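S.K.: need a 3D model of the sequence below.
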Amino acid sequence: MLLKRLLVAFVFIPVFIFLIFKGGYFFLALVCAVIGVGLFEFYQGAAKSQKDPPLKNSVILRNILLGLCIPVAVYFKGEGILPFVITLIIFIIFFSELLRFNPPHSELSVVLSLGGILYISYLFSYIIIIREIPQMGERLVITVLFATWMGDTGAFTVGSIFGKHKFFPVYSSQKSIEGFIGAIFFSLIAMFISTLWVHFPILHVIVLGIIAGVGGEMGDFFESMLKRGLGIKDFGRILPGHGGVLDRFDSLFFTVPCFFYYIKYIVGQVAG
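M.R.: So this is what the prediction gives:
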């Protein structure tokens, strides 16, 4: 298992770094690939969890296409386009379900459709907004990935060695309070290392480290809750040793937007 994880990391990390620094359409394609596969895994998991699934293939395809509209719109128009795009997607989903009219599946289809798009596409699209921050966008993307995934490593390592006190065992029997603390500690270490390429005052480094550690763990807990509710172990197997795309990127969905808004409204104001 560990060897598979290391091999996947060895292959994908250089590709990610290259595409992040390349930016433009290359980075947009990377984000769209993560979102597209993530949405597919989410809706397939939801469909498999029920004998008579409310999400047919045509609905899944519709949702994936609608979900991909968000990162594309954000790339071309920026953060300000988000309310319009989300409103339009809600209208399209409601209207198409009215035309399809298949109660009680229509109601559940609306909830799952909107839930998946907001959880995966909307939240992760903020990484494009971070990448477009002038002069330091690529370094900030590297930072949020590094701090969040270091938190994952800390949670796994510390939890495996010292984990004795369960944390939300109803959702995940593997999570521990010690692992949660380890996630924050490792994320803080990552943020201090990141000062080699991003220069924030020490207070912001500490706060962003806590955001990465706590946000990453909350994202992991939320996905565990989803999997427990759907009755599945992993959302996919596309990444050997890691599971699916959602299993690898779940910790980023909450961290990325929080990172952006902290940098915009707190760090930005101080810098100004």
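S.K.: quick one: residue 180 from residue 160, how far?
M.R.: With distances taken as CB to CB, to the nearest Å, residue 180 is found 13 Å from residue 160. Yep, even glycine has a C-beta here, placed from its N, CA and C like the rest.
S.K.: what of residue 39?
M.R.: From residue 39 to residue 160 the distance is 31 Å (CB to CB).
S.K.: neighbour count for residue 180 and residue 160, which is higher?
M.R.: Taking other CB atoms under 10 Å, residue 180 and residue 160 do not tie; residue 180 has more neighbours (25 against 13).
S.K.: residue contacts, the more buried one?
M.R.: Counting by CB atoms under 8 Å, 6 or more residues apart in numbering, residue 180 touches 155, 167, 217.
S.K.: now it: which helix or strand?
M.R.: According to DSSP states H and E, residue 180 maps onto helix 177-194.
S.K.: and what of residue 233?
M.R.: For residue 233, there is no host helix or strand (DSSP H and E).
S.K.: ok, for it, nearest residue in space, not its chain neighbours?
M.R.: Excluding its sequence neighbours, the residue lying closest to residue 233 (CB to CB, 6 or more residues apart in numbering) is residue 227, at 6.8 Å.
S.K.: buried ones in the helix or strand that contains that neighbour?
M.R.: Here residue 227 sits within helix 202-230, counting by DSSP H and E. By neighbour count, with 16 or more other CB atoms under 10 Å as the criterion, the buried positions of helix 202-230 are 204-205, 207-224, 226-227.
S.K.: and that helix, what does it pack onto?
M.R.: With contacts taken as 3 or more CB pairs under 8 Å, 6 or more residues apart in numbering; DSSP states H and E, helix 202-230 sits against helix 24-48, helix 137-162, helix 177-194, helix 252-262.
S.K.: state the mean pLDDT of the second one.
M.R.: Across helix 137-162, the average pLDDT comes to 92.
S.K.: so which elements touch that helix?
M.R.: Counting contacts by 3+ CB pairs under 8 Å, 6+ apart, helix 137-162 is packed against helix 2-22, helix 126-131, helix 177-194, helix 202-230, helix 252-262.
S.K.: closest one to residue 120 among these?
M.R.: Of all the helices and strands packed on helix 137-162, helix 252-262 sits nearest to residue 120, with 6.8 Å by CB to CB.
S.K.: just give me how far that closest one sits from the chain centre.
M.R.: 9 Å (CA atoms, centre = their mean, to the nearest Å).
S.K.: that one relative to helix 177-194, how many degrees between them?
M.R.: Interaxial angle, helix 252-262 versus helix 177-194 (axes from the mean of the first three to the mean of the last three CA atoms, to 10 degrees): 50 degrees.
S.K.: what's in contact with helix 252-262?
M.R.: For helix 252-262, the surrounding residues in contact (CB under 8 Å, 6+ apart) are 119-120, 123-124, 126-127, 129-130, 140, 144-145, 147-148, 204, 207-208, 211-212, 215-216, 218-219, 222.
S.K.: buried set for it?
M.R.: Neighbour-count burial for helix 252-262, counted by 16+ other CB under 10 Å, picks out 252, 253, 254, 255, 256, 257, 258, 259, 260.
S.K.: check contacts around the residue lying closest to the last one once chain neighbours are set aside.
M.R.: By the measure of CB to CB, 6+ apart, the closest residue to residue 260 outside its immediate chain neighbours is residue 126, 4.9 Å from it. When contacts are counted by CB under 8 Å, 6+ apart, residue 126 is found next to 256, 257, 259, 260.
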